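Novice: let's see this in three dimensions:
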Amino acid sequence: MISEAASILPILFALYFTFGPMMMVANYFQSIGDARRSALLSLSRIYLFAIPLTLLLPLAVGKMGIWLALPFADAFQIVVTFAVLKARSPQAEWGLFQSA
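Specialist: Coordinates of the predicted model:
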């Protein structure tokens, strides 16, 4: 069990460090009253990406697909977050703040 966990954990947590910043962006939209964007960013990682990938990836790559689902979901969440920031404000330098 220890050897299996040792081989799985690096894969499982490969992009986990991105979870915090993505949730901070979602909380920012919630704090300014933009519930649609906040809900999209908060819920898409699990419901839009992780659950379907957990069901589909094992069909393509075997049991390792179960563990690859969360890193792929995190990668897709990064893409969604940057797309939301870009669509929100094309003239904003970082997507959140307007230039003075």
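Novice: distance check, residue 75 against residue 25.
Specialist: Distance, residue 75 to residue 25, by C-beta to C-beta, to the nearest Å: 16 Å. Placement of C-beta: from N, CA and C, glycine included.
Novice: what sits up against the helix or strand where residue 51 lies?
Specialist: Here residue 51, judged by DSSP states H and E, is contained in helix 51-61. Helix 51-61 is contacted by residues 65-66, 68-69, 72-73 when judged by C-beta atoms under 8 Å, 6 or more residues apart in numbering.
Novice: ok, now with 10 Å
Specialist: The contact list for helix 51-61 (C-beta atoms under 10 Å, 6 or more residues apart in numbering) reads 45-46, 63-73, 76.
Novice: which residue is nearest the centroid of this protein?
Specialist: residue 77 (2.7 Å; C-alpha atoms, centre = their mean).
Novice: determine the three-state secondary structure at that one.
Specialist: Recorded secondary structure, residue 77: helix (DSSP: H, G, I helix; E, B strand; the rest coil).
Novice: from residue 13, how far out is the nearest residue to residue 84 once chain neighbours are set aside?
Specialist: Nearest in space to residue 84, with sequence neighbours left out and distances taken as C-beta to C-beta, 6 or more residues apart in numbering, is residue 37 at 5.5 Å. According to C-beta to C-beta, residue 37 stands 27 Å off from residue 13.
Novice: and if you look at residue 4?
Specialist: 15 Å.
Novice: more neighbours: those two, which one.
Specialist: Taking other C-beta atoms under 10 Å, residue 4 and residue 13 do not tie; residue 13 has more neighbours (13 against 8).
Novice: pretty sure the more buried one contacts residue 71?
Specialist: Yes. Counting by C-beta atoms under 10 Å, residue 13 does reach residue 71; the two are 8.1 Å apart.
Novice: what's the average pLDDT for stretch 76-85?
Specialist: Mean per-residue pLDDT for stretch 76-85: 92.
Novice: correction: the previous question concerned stretch 28-36.
Specialist: The average pLDDT within stretch 28-36 is 89.
Novice: can you check stretch 40-51 too?
Specialist: 94.
Novice: show me which residues of that stretch are buried.
Specialist: 40-42, 44-45, 49-50 (16 or more other C-beta atoms under 10 Å).
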